[in-house]
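[1] prediction below, plus the sequence it came from.
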Amino acid sequence: MKRPVIAIVSPGSYAVPSATSSSVELVIEQVAKRLARDATPVVFGKKEKDRPSVEDLDGVRYVRVRAVTPRSYMKRVSRKLAAYRPQVIQVENRPRFIRYLRRRHPKASLWLVLHSLTFVSRPHIRASELRSCLAAADRIIVNSHFLREEMIRKAPRMMHKMVVNHLGVDTEGFTSRWTEESEHQRQMTLHQMGLAGKKIILYVGRLIKIKGVHNLLLAMPQIVERIPEAVLLVVGSATYGSNRATPYVKYLWELGSRMPQHVRFIPYVPHTEISRWFHLADVLVVPSNQKEAFGLVNVEAMASGVPVVATRAGGMKEIIEHEMTGFLIDSSFVNRELPQRIHDILTQEGLAQRFGQESLKRVREHFTWDWTAHRLLKLLEQSPKKSKSKKKLK
């Protein structure tokens, strides 16, 4: 049986694959190489000086074109697509690209994969234009039930096209911190960092207001008063691949400077190096606002055996099982609940390890890239054949 060709169109903002790109490019890379076991994935992305125009890696063909503007990028991608005759063209996180491709490839099977609410909301796109773009898609794949419900509110007539496919984690790259070898390495690293005997609270992610990092820093005085050995490691920066200091970052630094013995900022870390930071953690905190669609950091921590304290927001309540793999807190009561839940994990004997072991089990059963790719292939098998005629879009 002939292997299906799946064309995956990246947003064109960052190179793929890359250790310093956004989470969208990370998802593309991880899913594509799993799809390569049963299909022929072709990933279209941004051309950079140090990468060839065509490259085969892990069974995936990467085709790179110049991306001066979104429109010029899509023009170049559109010209390249025909040569591969894909069974499906999967557009990542850019609704306008779908409408553009529909006009130029009217008989193609077009899937839109959404990673967040950013590019389906103002100021990026008007409601009427969004509906027009969604109408051009044959399927709309979202990464959480939360995101599906939000999209239904925006475009209820498109509900029948919307499918949930949860994201995953590389369980070979992110491994349990509860093995004897990992614990030995952990203690050595903590000693080298001058953190031996400390209770490590970890934040990993972008330093932007919607991630709620300030709430964690504001909670630290209460935590330290009850747990003097607590230290917060803040790993990340405002933008991908950069340590630019925004006003919000400077505000976080100012909050941290009030407790220099208990707060450390770690500059931007490439994704290929993130796993070792999870091994240092006793607890990961994800204090994001209500619009967090999924949050890869949650499953990466869980795959590392680290319990998570997160706001009961967006798609995170689909990942974390309250009082089983961690704690979910109400964002309305974050100032009260956040310090208490962190305290519980850091002080109740055996709780962190119990949550961590349950997290490992949950990840293996639901949140691996193998599962994400498997569900995509199932969708491909279920897709009806395209009709020869297609209603012309306005």
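    The structure has been received and is ready for your questions.
[2] show me what contacts Ala219?
    Contact analysis of Ala219 by CB atoms under 8 Å, 6 or more residues apart in numbering lists Val334, Asn335, Leu338, Pro339, Ile342. Every residue, glycine included, has its C-beta placed from N, CA and C.
[3] mind redoing it with 7 Å?
    By CB atoms under 7 Å, 6 or more residues apart in numbering, the residues touching Ala219 are Asn335, Leu338, Pro339.
[4] and the pLDDT for it?
    Looking at Ala219, its pLDDT reads 96.
[5] which residue ranges form the strands in the stretch 151-300 of the chain?
    162-164, 199-204, 230-235, 263-266, 283-286 (DSSP state E, counting those that start in this stretch).
[6] got TSV for these, with mean neighbour count, mean pLDDT and distance to Ala67 too?
    As requested, those are exported to TSV (neighbours: other CB atoms under 10 Å; pLDDT from 0 to 100; distance: least, CB to CB, whole Å):
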stretch	mean neighbour count	mean pLDDT	distance to Ala67
strand 162-164	17	98	28
strand 199-204	23	98	28
strand 230-235	22	98	29
strand 263-266	18	97	30
strand 283-286	27	98	31
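[7] mind checking the ones you listed for the one nearest to Glu180?
    Glu180 sits nearest to strand 199-204 of all the strands of the stretch 151-300 of the chain, at 18.9 Å, using CB to CB.
[8] tell me the gap between the closest one and the middle of its chain.
    In terms of CA atoms, centre = their mean, to the nearest Å, the gap separating the centre of strand 199-204 from the centre of its chain is 19 Å.
[9] packing partners for that strand?
    Other helices and strands packing on strand 199-204, by 3 or more CB pairs under 7 Å, 6 or more residues apart in numbering; DSSP states H and E, are strand 230-235, strand 283-286.
[10] what packs against the last one?
    Applying 3+ CB pairs under 7 Å, 6+ apart, one finds that strand 283-286 contacts strand 199-204, helix 296-303, strand 308-311, helix 334-347.
[11] give me the residues contacting the longest one.
    Meaning helix 334-347. 199, 201, 215-216, 219, 222-223, 226-227, 230, 282-283, 285, 287, 307, 309, 311, 327, 329-330, 351-352.
[12] any idea how far the residue lying closest to Val204 once chain neighbours are set aside lies from Ile274?
    Nearest non-adjacent residue to Val204, counting by CB to CB, 6 or more residues apart in numbering: Val235, 4.7 Å away. Note on Val235: its distance to Ile274, by CB to CB, to the nearest Å, is 7 Å.
[13] go on, Glu29?
    As judged by CB to CB, Glu29 and Ile274 stand 14 Å apart.
[14] looking at those two, which is more packed in?
    Here Glu29 and Ile274 are compared on neighbour count by other CB atoms under 10 Å; more neighbours surround Glu29, at 25 against 20.
[15] tell me the secondary structure for that one?
    helix (DSSP: H, G, I helix; E, B strand; the rest coil).
[16] touching, it and Ala19? I think so.
    No. The pair Glu29 / Ala19 is not scored as a contact, 9.9 Å apart, by CB atoms under 7 Å.
[17] picking that back up, with distance to Ala82 added, can I get the strands of the stretch 151-300 of the chain in JSON lines?
    Compiled in JSON lines, the strands of the stretch 151-300 of the chain are given as follows (distance: least, CB to CB, whole Å):
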{"stretch": "strand 162-164", "distance to Ala82": "27"}
{"stretch": "strand 199-204", "distance to Ala82": "41"}
{"stretch": "strand 230-235", "distance to Ala82": "43"}
{"stretch": "strand 263-266", "distance to Ala82": "46"}
{"stretch": "strand 283-286", "distance to Ala82": "43"}
